[in-house]
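# Okay, here's the prediction I keep looking at, along with the sequence it came from:
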2 protein chains.
Amino acid sequence: MKKEKLPIGIFDSGVGGLTVFKEVAGLLPHEDIIYLGDTARVPYGARSPQTIIKYSQDITSFLLRQGIKLLVVACNTSSAVSLPSLKKANDIPIIGVIEPGARRAAEMTQNKRVGVIGTEGTVKSRAYEQAIQGIDQRIKVVSRACPLFVPLAEEGWVENEVARLTAQSYLRPLCEEAIDTLVLGCTHYPLLEGIIREIMGDGVCLVNSAQETAKEVQRVLEEEKLTAPGKKNESYTFYVTDNAERFIRVGERFLGRKLRSVKEIS
Amino acid sequence: MKKEKLPIGIFDSGVGGLTVFKEVAGLLPHEDIIYLGDTARVPYGARSPQTIIKYSQDITSFLLRQGIKLLVVACNTSSAVSLPSLKKANDIPIIGVIEPGARRAAEMTQNKRVGVIGTEGTVKSRAYEQAIQGIDQRIKVVSRACPLFVPLAEEGWVENEVARLTAQSYLRPLCEEAIDTLVLGCTHYPLLEGIIREIMGDGVCLVNSAQETAKEVQRVLEEEKLTAPGKKNESYTFYVTDNAERFIRVGERFLGRKLRSVKEIS
């Protein structure tokens, strides 16, 4: 098969990366996509770097065996920790979710004060901070872990009072830091975008890493001449490593549409 | 070494089982204890039965190699799913957290209406329902998954407004069922006992599975003549499969005391 006809591979520790899948599929409707959610080993956020690197390489090897032309690491924790070693060990373009979000934040901030919210693992890795300051070291980055946002998103509690109070508790300290840009540094967080916007106010630009990553995928495909030729029916395949039933139930809420062809692998 | 001098083994998918450790150590101060938290593979709650059984046997084999005289499966999900196969495959007394809690609930209920709260996995397994109705089939059991309780407990949000609203949302339907007994069917939930009691009211008896399990351990040790001889210094060892730093931080909040001798294994 011609290389450009191969699918794009996307992996995440679970359902969260479906927000990235949604943006990629929306922006590049002619591309086939294989998505893998490592639901047997979710969440990566609280795991150690060695463990995350091992899991990520296992999955990359599996996707390469299926045949993919480009890999998206749609997991902030894995992007933060394992991207350098994945790029070194594998011979296709690999795109994480940190760089695109960081670049957009550096572009958007006027007052050079950027907030980043994510899982404990992502925040502890300081990956966004390093990426943003690598672009412009005058930018001050204030980070905050929001551990309850993931279970809230998975429970579908994204607009109720519990979500609102939780978001207030996590975000108030960031409001006080007078940031003008906030990176949603976890794939689940776009589901809570409404409430986050309400609390942060219109003066703060929200950076959705999933959207920025999709634009980066488009750019790299064009650059590498890997864009799929136009055709009628795109093909999407979903693999999970455990509990397909739950992936489908929660995932359909994330995507806002039916999930078909979900296969369980070990 | 004489068998009764061997430690008790306790395992859980993570830190939650420390509530069971606390009760066992409190009731049986002369016993040595080895605790294993499978933090690399937490949470078990959303995983499939085959996966949970495999993980549980791996850990049991590890603890048996360390030398233990009795095993406590301090994880509701694993107790619900893997206890029969663990008992069949291993030759020491094995105690889960479901049976002791179920027995207590059946004893306490007057109106024969019992509520059970737990993770998605525990509720879906219907293990409490089966255990309670195995004792008295006239008892009506109403179950409810409370997925946000675990992250709330780990975040230390056990008495704030977010915890209160979340608990109200989960528990109101149980109040309407006119239950007179409620089983806290997840090891994390005793941390939220104050707020659960506030919402359920004094008319509802709360069954703390951790306490009931400790009593069962005491009973079985006496029955099998395995009770440790009195001595001055008990020894506690903690193993985790990932991220000891987080286990210590969250675990100290669970135990209300310093955690020493935490070893990371793979």
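In hand now; what should we look at?
# Strands along chain A, start to end?
Listed in chain order, the strands of chain A (DSSP state E) span residues A:8-12, A:33-37, A:70-73, A:94-96, A:113-118, A:140-145, A:181-184, A:205-208, A:236-240, A:262-264.
# Report the backbone C-alpha coordinates of stretch A:171-187 in CSV.
Below are the C-alpha coordinates for stretch A:171-187, written out as CSV (Å, rounded to 0.1, in the frame of the first residue of the first chain):
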residue,chain,number,x,y,z
LEU,A,171,-8.8,27.8,39.2
ARG,A,172,-9.1,30.6,41.7
PRO,A,173,-5.4,30.6,42.5
LEU,A,174,-4.7,30.9,38.8
CYS,A,175,-7.1,33.9,38.5
GLU,A,176,-5.1,35.6,41.2
GLU,A,177,-2.0,35.1,39.2
ALA,A,178,-3.4,37.4,36.5
ILE,A,179,-2.6,35.0,33.6
ASP,A,180,-4.1,35.9,30.2
THR,A,181,-3.8,32.4,28.7
LEU,A,182,-4.6,29.0,30.1
VAL,A,183,-3.5,25.7,28.6
LEU,A,184,-6.0,22.8,29.0
GLY,A,185,-3.1,20.4,29.5
CYS,A,186,-5.1,17.2,29.7
THR,A,187,-7.1,15.5,27.0
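# Quick one: mean pLDDT over that stretch.
Computed over stretch A:171-187, the mean pLDDT rounds to 95.
# Do you know the pLDDT at residue A:40?
So, for residue A:40, pLDDT stands at 85.
# What residues does the residue nearest to residue A:55 when sequence neighbours are not counted make contact with?
Spatially, and ignoring its direct neighbours in sequence, residue A:55 is nearest to residue A:41 (5.7 Å; CB to CB, 6 or more residues apart in numbering or on different chains). The way it works is simple: take the backbone N, C-alpha and C, and place the C-beta from them, glycine included. By CB atoms under 8 Å, 6 or more residues apart in numbering or on different chains, residue A:41 lies in contact with A:13, A:55, A:241, B:41.
# Any of those buried? List them.
Among the contacts of residue A:41, those buried by neighbour count (16 or more other CB atoms under 10 Å in any protein chain shown) are A:13, A:55, A:241, B:41.
# still on that earlier bit, what's the most distant pair in the contacts of residue A:41?
A:13 and B:41 (12.5 Å; CB to CB).
# Could you list the domains of chain A?
Domain assignment of chain A by automatic domain parsing yields the ranges A:3-96+A:211-264, A:98-209.
# Out of the ones you listed, which is closest to residue B:251?
domain A:3-96+A:211-264 (12.9 Å).
# So residue A:148 sits against residue B:154, correct?
No: using CB atoms under 8 Å, residue A:148 is not in contact with residue B:154, being 9.4 Å away.
# what's around the closest residue to residue A:89 other than its chain neighbours, how many residues?
Closest residue to residue A:89 apart from its sequence neighbours, by CB to CB, 6+ apart: residue A:57 at 6.5 Å. Other residues lying near residue A:57 total 15 when counted by other CB atoms under 10 Å in any protein chain shown.
# for residue A:266, same thing?
7.
# Same check on residue A:103?
Residue A:103, neighbours per other CB under 10 Å, totals 18.
# wait, what's in contact with it?
Contacts of residue A:103 by CB under 8 Å, 6+ apart are A:131, A:135, A:212.
# What residues does chain A have near chain B?
A:39-42, A:46-48, A:51, A:120, A:147-148, A:150-152, A:154-155, A:157, A:160-162, A:165-166, A:169, A:242-243, A:246 (CB under 8 Å from any CB of the partner chain).
# coming back round to it: with respect to residue A:193, which of the contacts of residue A:103 is nearest?
Nearest member of the contacts of residue A:103 to residue A:193, counting by CB to CB, is residue A:212, at 13.8 Å.
# Which residue is the nearest non-sequential neighbour of the closest one?
Excluding the flanking residues, the one nearest residue A:212 by CB to CB, 6+ apart is residue A:100, at 3.6 Å.
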